[in-house]
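Engineer: predicted structure and sequence below. I'll ask about it afterward.
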Amino acid sequence: MTQTKLETAGEATLTAPVRTLPEVTETPAPPVAAGPGNVEPVIVVEQPAEQPQKKRKSAARKAGLFILFVLGATMAWHVATDLLVPSSSTGSVTALTALIAPRVAGQVSQVLVADNQFVEAGTPLFTLDASPFDLAVRQAEANLAQVTQTVGAGVISLASVEAKVNQAQTALDGTRGTTERTINLFERGLTSQASVDAANSQLASAEAGLASAKAELDSAILRAGADGVANPQVETAQVQVEQAHLNRSFATVVAPTSGVVTNLKLAPGQFVNAGTPALTFIESDSLWVVVDMRENQLANVKVGDEARVLFDAVPGKTFDGRVRGIAWGIDPGRTAANGLPQNQAMNRWFEPARTIPVHIELAETQQWPSNVRVGSMASALVFAGDRNSPISAVASFMQTVSSYVSYLY
C-alpha cells in the first residue's frame, strides 16, 4: 500500500492511501461497431503458472507408483508360480527309438513295409537273399554227418580196444602166476636167480601192457562219446548247424515291438552289412514329454507330482500327466585342454539360468492324440502345491491362452 498526495489550489495538501493491485494484462477486445448498447472492453486476468506444474508433478508421481506396483506384482507372481506351479513352454514329445540293422550281411531281396507305416511286434520289415544262408546250413549239416560217421567208426573200434584190454589182463594174470611159481622154486633152491629176474621182468611188461590197453580204451571212449561223455567234435558240429539255422532266420528282419517305421532308405538289390542301420523304428508305447525347467523352478517338484500338458497340435485340449523323472545331470559345457579344465570367461552381468530336463508322462487314463508326433511342441505345468489354489487356476488359464497363441503363431 502506498500514499498519494493530492494538491489543489488554495487548499491543504491531503495524503490518501492507495492499494497496489496485481499486474494485469489487458487483452484488447475485438472492435465493436458504435451504437447504443455497446459495453466496455473486457479485461482478462491471467492466473499464475504454478497450478499446472503441480498437476503435472502429481500425475507423474501416480504413474511412477503404478509402475512400481505392477513390477512388484509381476515379481511376486513370478516367484509364486515358480514355487507352486512351475511351467515351461519349451517341451517336446520324445519316444524310444532304435536303429534297425540286420545281424548278418546280405543283399536286400524284398522290402515289406513303407515309410512311416505302423507295424505290430514281429512284423517282417525286409528280407535278405537267403541262398548263401541255405548253403551254409547244408554245409554245417554235412560236417555234422561226417563227424558223426567218424565217431561211429570209433564206437565200432571200441569193441576191439576192449578186447585188447581183456587180453592184456589175461596175460598179466598168467605172468603173475608164473612169477610166483619161479620165486617158490628159487626159495627151495630148485632154480637160479636169473630165472627169478626174468620172471619179474615178464610181470612188469605184462602190467605195462595192461595199462597201455586201458589208456587206449579210455581214449576210444572219449572219441566215441560213450558212458555219457559228449564227444567234443560232435558238439562243435551241432553248434555250427544251429548257428547256420540262426543266420538263416536273421535273413528276415522283424519289428522288435509295436511302433512306426521311419527314415526307410532300402531298395531291393541293395547290399547291407551286419550292424549297419537300415531304418529307424519308433516304439509307439513309450511316448513322454521332456520340458526344460530352471533350477529355481525345481525347488518343490518331485517324482509323482501331477502335471497338465498341452500340445500345439491340439490347442486348448488339456491332458493329465505326472512327473516321471528329473534328470540328475546336464553337460555344463566346460571344456578341457591338456588334461585340465579351462577357465570360463565371465562376459555377462548375470549368468543365464541352467535348465534341467523333466520327464512327464500322460496318465494311464489319457490317450496320446493321433496327430502328435515325436518332436512335437508341448507345454507342461507341474502342480508342486495345491492344484485347486487360485494361483494354480490362473496359471492353468494362462497356459491355455498361451497354447492358442502358439498355435496361431
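Structural biologist: Cool, the structure landed. Numbering: from 1, shown residues only.

Engineer: for the rest of this, base every contact and every neighbour count on C-alpha atoms.
Structural biologist: Noted.

Engineer: give me the pLDDT value at the spatially most central residue of the chain.
Structural biologist: When Cα atoms, centre = their mean is applied to the chain, the residue found nearest the centroid is Leu96 (7.3 Å). For Leu96, the pLDDT comes out at 90.

Engineer: that one contacts Val289, correct?
Structural biologist: No: applying Cα atoms under 8 Å as the test, Leu96 and Val289 come out as separate, 11.8 Å apart.

Engineer: do a quick rundown of the strands in the stretch 301-409 of the chain.
Structural biologist: With strands called from DSSP state E, counting those that start in this stretch, the stretch 301-409 of the chain shows them at 306-311, 314-326, 336-337, 340-341, 355-362, 377-382.

Engineer: check those for me and report the most buried one.
Structural biologist: By mean neighbour count, with neighbours taken as mean count of other Cα atoms under 10 Å, strand 377-382 ranks first of the strands of the stretch 301-409 of the chain at a mean of 25.

Engineer: and that one, average pLDDT?
Structural biologist: Here the average pLDDT along strand 377-382 is 91.

Engineer: in stretch 393-409, what counts as buried?
Structural biologist: The neighbour-count check on stretch 393-409 (16 or more other Cα atoms under 10 Å) flags 395-396, 399-400, 402-404, 406 as buried.

Engineer: CA atoms only for that stretch, dumped as PDB, please.
Structural biologist: Coordinates of each C-alpha in stretch 393-409 appear next as PDB, following Å, rounded to 0.1, in the frame of the first residue of the first chain:
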ATOM      1  CA  ALA A 393      -6.300 -71.800 -11.600                       C
ATOM      2  CA  VAL A 394      -4.800 -68.600 -13.000                       C
ATOM      3  CA  ALA A 395      -1.600 -70.400 -14.200                       C
ATOM      4  CA  SER A 396      -3.700 -73.000 -15.900                       C
ATOM      5  CA  PHE A 397      -5.800 -70.400 -17.700                       C
ATOM      6  CA  MET A 398      -2.700 -68.500 -18.800                       C
ATOM      7  CA  GLN A 399      -1.200 -71.800 -20.100                       C
ATOM      8  CA  THR A 400      -4.400 -72.400 -22.200                       C
ATOM      9  CA  VAL A 401      -4.200 -68.900 -23.600                       C
ATOM     10  CA  SER A 402      -0.500 -69.400 -24.400                       C
ATOM     11  CA  SER A 403      -1.300 -72.600 -26.300                       C
ATOM     12  CA  TYR A 404      -3.800 -70.800 -28.500                       C
ATOM     13  CA  VAL A 405      -1.300 -68.000 -29.200                       C
ATOM     14  CA  SER A 406       1.400 -70.600 -30.000                       C
ATOM     15  CA  TYR A 407      -0.900 -72.400 -32.400                       C
ATOM     16  CA  LEU A 408      -1.900 -69.300 -34.200                       C
ATOM     17  CA  TYR A 409       1.800 -68.200 -34.400                       C
END
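
Engineer: for the residue nearest to the centre of the chain, give me its contacts.
Structural biologist: 282-283, 286-287 (Cα atoms under 8 Å, 6 or more residues apart in numbering).

Engineer: for Thr257, see how far away it is.
Structural biologist: Distance check for Leu96 against Thr257: by Cα to Cα, to the nearest Å, it reads 11 Å.

Engineer: find residues that contact each of these two.
Structural biologist: By Cα under 8 Å, 6+ apart, Leu96 and Thr257 have these common neighbours: Glu283.
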